[in-house]
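1. got a predicted structure here, sequence first:
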Amino acid sequence: MSYELPTLPYDYTALEPYISESTLEFHHDKHHAAYVNNFNAAVEGTDLDSQPIETVIKAIASNPEKTGVFNNAAQAWNHTFYWNSMKPNGGGMPAGDLAKKIDTDFGSFEKFAEAFKNAGATQFGSGWAWLVLDNGTLKVTKTPNADNPLTSGQVPLLTMDVWEHAYYLDYQNKRPDYMGAFLSNLANWDFAAQNLAAA
Ligand code: MN
(Lines give C-alpha, C1' and ligand atoms only; values in the text may rest on other atoms or scores of the structure.)
Protein backbone atom coordinates (compact mmCIF):
# COMPACT_ATOMS: atom_id res chain seq x y z
CA MET A 1 0.00 0.00 0.00
CA SER A 2 1.75 3.16 -1.08
CA TYR A 3 1.55 6.42 0.84
CA GLU A 4 -0.22 9.10 -1.15
CA LEU A 5 0.96 12.69 -1.31
CA PRO A 6 -2.09 14.56 0.03
CA THR A 7 -3.25 17.68 -1.74
CA LEU A 8 -2.83 20.80 0.40
CA PRO A 9 -5.92 21.40 2.58
CA TYR A 10 -6.04 24.99 1.19
CA ASP A 11 -5.06 26.88 -1.95
CA TYR A 12 -1.37 27.63 -2.61
CA THR A 13 -2.04 31.34 -2.10
CA ALA A 14 -4.21 30.87 1.00
CA LEU A 15 -1.48 31.45 3.59
CA GLU A 16 -0.18 34.66 2.04
CA PRO A 17 1.34 37.00 3.06
CA TYR A 18 2.76 34.80 5.85
CA ILE A 19 3.76 31.87 3.61
CA SER A 20 3.99 32.56 -0.11
CA GLU A 21 2.60 30.56 -3.02
CA SER A 22 6.19 29.96 -4.08
CA THR A 23 7.16 28.45 -0.73
CA LEU A 24 4.12 26.14 -0.73
CA GLU A 25 4.79 25.04 -4.32
CA PHE A 26 8.40 24.10 -3.59
CA HIS A 27 7.68 22.74 -0.13
CA HIS A 28 4.70 20.57 -1.08
CA ASP A 29 5.29 19.75 -4.76
CA LYS A 30 9.07 19.21 -4.52
CA HIS A 31 10.20 18.52 -0.95
CA HIS A 32 7.16 16.65 0.38
CA ALA A 33 6.63 14.83 -2.93
CA ALA A 34 10.24 13.62 -2.91
CA TYR A 35 9.94 12.18 0.61
CA VAL A 36 6.74 10.35 -0.39
CA ASN A 37 8.25 9.01 -3.62
CA ASN A 38 11.45 7.89 -1.88
CA PHE A 39 9.47 6.18 0.87
CA ASN A 40 7.23 4.32 -1.58
CA ALA A 41 10.22 3.22 -3.67
CA ALA A 42 12.07 2.01 -0.55
CA VAL A 43 9.25 -0.17 0.82
CA GLU A 44 7.88 -1.47 -2.49
CA GLY A 45 8.00 -5.27 -2.47
CA THR A 46 9.20 -5.46 1.16
CA ASP A 47 7.30 -6.60 4.26
CA LEU A 48 6.90 -2.92 5.26
CA ASP A 49 4.79 -2.24 2.16
CA SER A 50 1.51 -3.51 3.61
CA GLN A 51 1.68 -1.57 6.89
CA PRO A 52 0.37 1.89 7.75
CA ILE A 53 3.13 4.49 7.63
CA GLU A 54 2.81 5.23 11.39
CA THR A 55 3.51 1.55 12.10
CA VAL A 56 6.53 1.59 9.78
CA ILE A 57 7.90 4.75 11.45
CA LYS A 58 7.66 3.23 14.95
CA ALA A 59 8.98 -0.15 13.82
CA ILE A 60 12.19 1.06 12.17
CA ALA A 61 13.04 4.19 14.21
CA SER A 62 15.82 2.50 16.16
CA ASN A 63 17.13 0.32 13.32
CA PRO A 64 20.37 1.86 11.99
CA GLU A 65 20.10 -0.18 8.78
CA LYS A 66 16.77 1.51 8.00
CA THR A 67 17.76 5.14 8.59
CA GLY A 68 17.12 6.13 4.98
CA VAL A 69 13.66 4.57 4.93
CA PHE A 70 12.87 6.08 8.33
CA ASN A 71 13.89 9.59 7.26
CA ASN A 72 11.64 9.49 4.20
CA ALA A 73 8.73 7.83 6.04
CA ALA A 74 8.86 10.30 8.92
CA GLN A 75 9.23 13.30 6.60
CA ALA A 76 6.29 12.08 4.50
CA TRP A 77 4.15 11.85 7.66
CA ASN A 78 5.48 15.04 9.30
CA HIS A 79 4.66 17.21 6.30
CA THR A 80 1.08 15.93 6.02
CA PHE A 81 0.70 16.76 9.72
CA TYR A 82 2.28 20.19 9.19
CA TRP A 83 -0.10 21.18 6.34
CA ASN A 84 -2.99 20.39 8.69
CA SER A 85 -1.34 22.34 11.51
CA MET A 86 -1.93 25.58 9.58
CA LYS A 87 -4.98 27.28 8.07
CA PRO A 88 -5.86 30.64 6.53
CA ASN A 89 -6.84 33.13 9.27
CA GLY A 90 -5.43 30.79 11.90
CA GLY A 91 -3.26 31.60 14.87
CA GLY A 92 -4.13 33.55 17.97
CA MET A 93 -5.51 31.71 20.94
CA PRO A 94 -7.27 28.33 21.03
CA ALA A 95 -10.67 27.90 22.69
CA GLY A 96 -12.52 25.26 24.70
CA ASP A 97 -10.91 22.24 26.31
CA LEU A 98 -7.58 22.76 24.56
CA ALA A 99 -7.32 26.33 25.89
CA LYS A 100 -8.13 25.14 29.43
CA LYS A 101 -5.55 22.37 29.23
CA ILE A 102 -2.89 24.76 27.93
CA ASP A 103 -3.59 27.04 30.92
CA THR A 104 -3.41 24.09 33.32
CA ASP A 105 -0.28 22.46 31.91
CA PHE A 106 1.77 25.53 30.90
CA GLY A 107 0.38 28.17 33.30
CA SER A 108 -0.90 30.39 30.48
CA PHE A 109 -1.12 30.59 26.69
CA GLU A 110 1.74 33.11 26.74
CA LYS A 111 3.98 30.61 28.53
CA PHE A 112 3.08 27.94 25.98
CA ALA A 113 3.86 30.34 23.10
CA GLU A 114 7.21 31.23 24.65
CA ALA A 115 8.12 27.54 25.04
CA PHE A 116 6.99 26.73 21.48
CA LYS A 117 8.99 29.57 19.94
CA ASN A 118 11.97 28.69 22.10
CA ALA A 119 11.81 25.07 20.88
CA GLY A 120 11.85 26.25 17.27
CA ALA A 121 14.62 28.77 17.86
CA THR A 122 16.89 26.36 19.71
CA GLN A 123 16.51 23.47 17.25
CA PHE A 124 20.00 23.78 15.75
CA GLY A 125 19.86 23.16 12.00
CA SER A 126 16.84 21.34 10.59
CA GLY A 127 13.92 19.97 12.56
CA TRP A 128 10.48 20.45 14.03
CA ALA A 129 8.74 22.05 17.04
CA TRP A 130 5.72 20.17 18.44
CA LEU A 131 2.84 20.47 20.87
CA VAL A 132 2.30 16.93 22.17
CA LEU A 133 0.30 15.02 24.75
CA ASP A 134 2.73 13.03 26.87
CA ASN A 135 1.12 10.67 29.41
CA GLY A 136 -1.86 12.99 29.74
CA THR A 137 0.14 16.22 29.99
CA LEU A 138 0.67 18.80 27.25
CA LYS A 139 4.32 19.43 26.48
CA VAL A 140 6.38 21.33 23.93
CA THR A 141 9.13 19.36 22.29
CA LYS A 142 11.56 19.67 19.39
CA THR A 143 13.00 16.99 17.13
CA PRO A 144 16.00 17.10 14.76
CA ASN A 145 15.81 16.33 11.03
CA ALA A 146 13.01 13.79 10.37
CA ASP A 147 12.42 12.63 13.95
CA ASN A 148 8.94 12.90 15.38
CA PRO A 149 7.12 12.27 18.67
CA LEU A 150 5.44 9.04 17.47
CA THR A 151 8.65 7.16 18.26
CA SER A 152 8.57 8.38 21.90
CA GLY A 153 4.99 7.29 22.50
CA GLN A 154 3.77 10.90 22.57
CA VAL A 155 0.64 12.07 20.74
CA PRO A 156 1.40 14.95 18.35
CA LEU A 157 -1.20 17.74 18.42
CA LEU A 158 0.44 20.48 16.29
CA THR A 159 3.76 20.96 14.52
CA MET A 160 5.88 23.71 12.99
CA ASP A 161 8.51 22.87 10.37
CA VAL A 162 11.73 24.77 11.10
CA TRP A 163 13.77 23.40 8.20
CA GLU A 164 15.10 26.38 6.21
CA HIS A 165 13.05 25.27 3.16
CA ALA A 166 9.89 26.08 5.18
CA TYR A 167 10.69 29.79 5.46
CA TYR A 168 13.81 30.83 3.56
CA LEU A 169 12.09 32.26 0.44
CA ASP A 170 9.84 34.44 2.61
CA TYR A 171 11.96 35.23 5.67
CA GLN A 172 15.55 34.33 4.65
CA ASN A 173 17.50 33.80 7.90
CA LYS A 174 14.79 35.30 10.15
CA ARG A 175 13.38 32.08 11.61
CA PRO A 176 11.85 33.94 14.62
CA ASP A 177 9.72 36.08 12.25
CA TYR A 178 8.34 32.92 10.59
CA MET A 179 7.64 31.39 14.00
CA GLY A 180 5.86 34.56 15.10
CA ALA A 181 3.66 34.46 11.98
CA PHE A 182 2.93 30.77 12.55
CA LEU A 183 1.59 31.42 16.06
CA SER A 184 -0.17 34.71 15.31
CA ASN A 185 -1.67 33.97 11.89
CA LEU A 186 -1.43 30.32 10.84
CA ALA A 187 -1.73 27.78 13.69
CA ASN A 188 -4.78 25.55 13.20
CA TRP A 189 -6.10 25.18 16.75
CA ASP A 190 -9.14 23.24 15.51
CA PHE A 191 -6.79 20.52 14.25
CA ALA A 192 -4.89 20.45 17.57
CA ALA A 193 -8.19 20.29 19.50
CA GLN A 194 -9.37 17.34 17.34
CA ASN A 195 -6.11 15.52 18.00
CA LEU A 196 -6.46 16.15 21.73
CA ALA A 197 -10.06 14.92 21.75
CA ALA A 198 -9.08 11.75 19.87
CA ALA A 199 -6.08 10.98 22.12
MN1 MN B 1 9.65 20.73 5.28
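-> Structure's in. What do you need? Numbers count the residues shown, from 1 in each chain.
2. run through the residues that contact the residue in the chain sticking out farthest from the centre.
-> Distance from the centre of the chain peaks at residue 45, with 28.4 Å (CA atoms, centre = their mean). If you count contacts by CB atoms under 8 Å, 6 or more residues apart in numbering, residue 45 has none. Where C-beta positions appear, they are placed from N, C-alpha and C, glycine not excepted.
3. which strand or helix spans it?
-> Per DSSP states H and E: residue 45 is located in neither a helix nor a strand.
4. mind listing the strands for the chain?
-> Remark: strands assigned in the chain by DSSP state E are 127-134, 137-144, 155-161.
5. where does the chain come near the ion, residue by residue?
-> Counting by CB under 5 Å from the ion, the residues of the chain close to the ion are 161, 163, 166.
6. out of those residues, who has the most neighbours?
-> residue 161 (25 neighbours; other CB atoms under 10 Å).
7. who touches the residue lying closest to that one once chain neighbours are set aside in this structure?
-> Nearest residue to residue 161, sequence neighbours excluded (CB to CB, 6 or more residues apart in numbering): residue 82, at 5.0 Å. Contact analysis of residue 82 by CB under 8 Å, 6+ apart lists 128, 159-161.
8. same deal with residue 195?
-> Here residue 195 is in contact with 133, 155-158 (CB under 8 Å, 6+ apart).
9. ditto for residue 113
-> residue 183.
10. now do residue 68
-> 38, 42.
11. what does the model give it for pLDDT?
-> You'll see residue 68 listed with a pLDDT of 96.
12. cool, the one 10 residues further on as well?
-> According to the predicted model, the pLDDT of residue 78 comes to 98.
13. look up the closest residue to it, ignoring the ones flanking it.
-> Per CB to CB, 6+ apart, closest to residue 78 is residue 148, 5.5 Å.
14. number of residues surrounding that neighbour?
-> With other CB under 10 Å as criterion, residue 148 counts 26.
15. now do the contacts for it.
-> 57, 74, 77-78, 128, 130, 156, 159.
16. what's the answer for residue 87, then?
-> By CB under 8 Å, 6+ apart, the neighbours of residue 87 are 9-10, 186, 188, 190-191.
17. on that earlier part again, closest to residue 196 among the contacts of residue 82?
-> residue 159 (14.0 Å; CB to CB).
18. hmm, back to that, which of the contacts of residue 87 are buried, as a ChimeraX select command?
-> For the buried members of the contacts of residue 87, the matching ChimeraX selection, counting by 16 or more other CB atoms under 10 Å, is:
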select :10,186,188,191
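19. what is the nearest of the contacts of residue 87 to the ion?
-> residue 186 (14.4 Å; CB to the ion).
20. what's the burial count for the residue nearest to the closest one when sequence neighbours are not counted?
-> Once flanking residues are discounted, residue 186 sits nearest to residue 86: 4.3 Å by CB to CB, 6+ apart. Neighbour count of residue 86, defined by other CB under 10 Å: 26.
21. separation between residue 86 and residue 56?
-> 25 Å (CB to CB, to the nearest Å).
22. swap in residue 116?
-> 28 Å.
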